[in-house]
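Participant: Sequence first, predicted model second:
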Amino acid sequence: NNIAVHDAAQELDETELTRGRLIIDPEDAYDTFQQTLQNNLGLDSGLSPQGGSRFKTQVKIVKFDIIDDSDGVNFPLLYEDSEYGITKYIAGPSVIAVIETEHPVLISRSKTQQPIRVPAVQEYKFNK
């Protein structure tokens, strides 16, 4: 997930960049994020495991958020998402994502395990 948000954050709008604004293209960023997950986790285009993957169940992208200069925010910004337990000061434009997969069943029990959720944040930090 960390590599995928890093790759997604590289999808900058070149026209806006020439104007001094860091804008992350949302469609390209999401496509890149999903492609990187596929490549690094051994998943198919539906994010289900392929042969040889360490995953046994489908990976779901449950959150994909971009905060950049198009949002009219001032950085640093306190980013909070209580649903996914993310609280972080972000220094600049960022891609925030959470992926989820079912918890592997190691021992047969009557108790159901909660899914595994993995958050990741990739931010641009400006030199002063």
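Facilitator: Here it is on my side, so go on.

Participant: got the CA positions of the longest helix seen in the chain in CSV?
Facilitator: Secondary structure of the chain read by DSSP state H shows that its longest helix is helix 26-41. Once non-C-alpha atoms are left out, helix 26-41 reads as follows in CSV (Å, rounded to 0.1, in the frame of the first residue of the first chain):
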residue,chain,number,x,y,z
PRO,A,26,-7.4,11.8,-9.7
GLU,A,27,-8.1,9.3,-12.5
ASP,A,28,-4.5,8.6,-13.4
ALA,A,29,-3.6,8.4,-9.7
TYR,A,30,-6.3,5.8,-8.9
ASP,A,31,-5.4,3.8,-12.0
THR,A,32,-1.7,3.8,-11.0
PHE,A,33,-2.5,3.0,-7.4
GLN,A,34,-4.6,-0.1,-8.5
GLN,A,35,-1.9,-1.2,-11.0
THR,A,36,0.8,-1.0,-8.4
LEU,A,37,-1.3,-3.1,-5.9
GLN,A,38,-1.8,-5.7,-8.7
ASN,A,39,1.9,-5.8,-9.5
ASN,A,40,3.2,-5.9,-6.0
LEU,A,41,0.6,-8.2,-4.4
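
Participant: The spatially most central residue of the chain: helix or strand, and which one exactly?
Facilitator: Nearest to the geometric centre of the chain sits Ala97, at 2.6 Å (Cα atoms, centre = their mean). Here Ala97 sits within strand 94-101, counting by DSSP states H and E.

Participant: Sheet partners, orientation included, of that strand?
Facilitator: Take DSSP bridges as the rule and strand 94-101 pairs in its sheet with strand 60-67 (antiparallel), strand 116-123 (antiparallel).

Participant: still on that earlier bit, what's near enough to touch the residue nearest to the centre of the chain?
Facilitator: Neighbouring residues of Ala97 by Cβ atoms under 8 Å, 6 or more residues apart in numbering: 1, 4-5, 8, 33, 61, 63-65, 119-120. (C-beta placed from N, C-alpha, C; glycine too.)

Participant: model confidence over the longest helix of the chain, on average?
Facilitator: Averaged across helix 26-41, the pLDDT comes to 97.

Participant: Pull out the buried positions in it.
Facilitator: Neighbour counts over helix 26-41 (16 or more other Cβ atoms under 10 Å) mark 26, 29-30, 32-34, 36-38, 41 as buried.
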